[in-house]
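**Student:** Quick one, structure for this:
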Amino acid sequence: MALFEETTTNSTDLSSTQILDYQIRPPKAPQEKPGVLFLLHGYGSHEMDLFSFADYLPDQFMVISLRAPLSLGFGGYAWYSIYFNETDLSKWSDNDEALKAQAIILDNIEHHCEHLHLDKNNVHLLGLSQGAILSWAVGLSHPHKIKSVIALSGYVNKDITSLDAKAKNLLCFSSHGTQDPTLPVQWARDGVHYLTENGLTVTYKEYPAGHGIVPENFQDVLAWMKLNL
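**Tutor:** Next comes the predicted model:
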């Protein structure tokens, strides 16, 4: 299997489920049925963004970075539409599109697990920004399919999340910049508080940074993964 593999079936709408474009890093040690870490990028980015970290991620996993289904032009993609002029959080996201994006992500997880002979009981999500919001939504709503959620610079959108009782078994890491101008840190804090109130254990970190991943954040992610995964 090649180190970099890509499909070419990306769609510009959410009218139906589809196999998304992706990049893949096989496990560094051959395994009969490896676990898998799916990477979900942020709004306006693409699958190569988080994939730039692939070589540093745990050796035992297949790493698959998915490209979001909505094309924004100029090489940028989104999982769902965002209305940046809205100050009301409940109207900020197109939640109908976000729910469809969840279904697409779940279909892609199922597809890759089946076709690459991956361990369906060892599936992990690492998302940034909009990808983190969807990582929370997919993991919390479908904890029987997801083992851990690593949500960076995102928050729990309760409008697109059904908190399944089995979510208490999820392994969870969340982080946020205290100076984030895009997604206020309080949104992340509120989400973590909501989860802990409902019995989940979340490792939560903050950094004196803006929107994105600073080196200390990435080192903390790697340390958490080494300890928990």
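
**Student:** Could you use CA atoms for every contact and neighbour count after this?
**Tutor:** Will do.

**Student:** contacting residues for residue 144?
**Tutor:** Listed by C-alpha atoms under 8 Å, 6 or more residues apart in numbering, the contact partners of residue 144 are residue 166.

**Student:** Give me the secondary structure label for it.
**Tutor:** coil (DSSP: H, G, I helix; E, B strand; the rest coil).

**Student:** and what of residue 119?
**Tutor:** Strictly by three-state DSSP, residue 119 counts as coil.

**Student:** all numbers from here: first residue = 281
**Tutor:** Will do, 281 is the new start, and the previous item becomes residue 399.

**Student:** quick one, phi/psi of it?
**Tutor:** Per-residue torsions, residue 399: phi -80, psi 110 (degrees, to the nearest 10).

**Student:** repeat for residue 345
**Tutor:** The phi/psi pair for residue 345 (degrees, to the nearest 10) reads phi -100, psi 120.

**Student:** was I right about it contacting residue 322?
**Tutor:** No - shown here, residue 345 and residue 322 do not form a contact pair, counting by C-alpha atoms under 8 Å, at 11.6 Å.

**Student:** in this structure, which helix or strand is least confident?
**Tutor:** Here the helix or strand of the chain ranked lowest by mean pLDDT, DSSP states H and E is helix 369-372, holding a mean of 64.

**Student:** in whichever helix or strand comes after it, what counts as buried?
**Tutor:** Note on helix 369-372: by DSSP states H and E, the next helix or strand toward the C-terminus is helix 375-395. Of all the residues in helix 375-395, those buried under the rule 16 or more other C-alpha atoms under 10 Å are 375, 377-389, 393.

**Student:** quick one: contacts of the helix or strand following helix 375-395?
**Tutor:** Toward the C-terminus, helix 375-395 is succeeded by strand 403-408 as the next helix or strand (DSSP H and E). Strand 403-408 is touched from outside by 315-322, 412-415, 419, 425-434, 492, with contacts defined as C-alpha under 8 Å, 6+ apart.

**Student:** Out of those, list just those in helices.
**Tutor:** Secondary structure assignment by DSSP state H places 412-415, 419 of the contacts of strand 403-408 in helices.

**Student:** From those, pick the one nearest residue 509.
**Tutor:** residue 419 (15.5 Å; C-alpha to C-alpha).

**Student:** close enough to count as contact, the closest one and residue 429?
**Tutor:** Yes - with contact defined as C-alpha under 8 Å, residue 419 counts as touching residue 429 (6.4 Å).

**Student:** any shared contact partners between these two?
**Tutor:** 405, 450.

**Student:** how many neighbours does the residue nearest to residue 441 when sequence neighbours are not counted have?
**Tutor:** Excluding the flanking residues, the one nearest residue 441 by C-alpha to C-alpha, 6 or more residues apart in numbering is residue 417, at 4.8 Å. Counted with other C-alpha atoms under 10 Å, residues neighbouring residue 417 total 25.

**Student:** And the one 10 residues further on, by the same measure?
**Tutor:** By the criterion of other C-alpha under 10 Å, residue 427 has 21 neighbours.

**Student:** That one: what's it in contact with?
**Tutor:** So residue 427 contacts 401-404, 419, 449-451 (C-alpha under 8 Å, 6+ apart).
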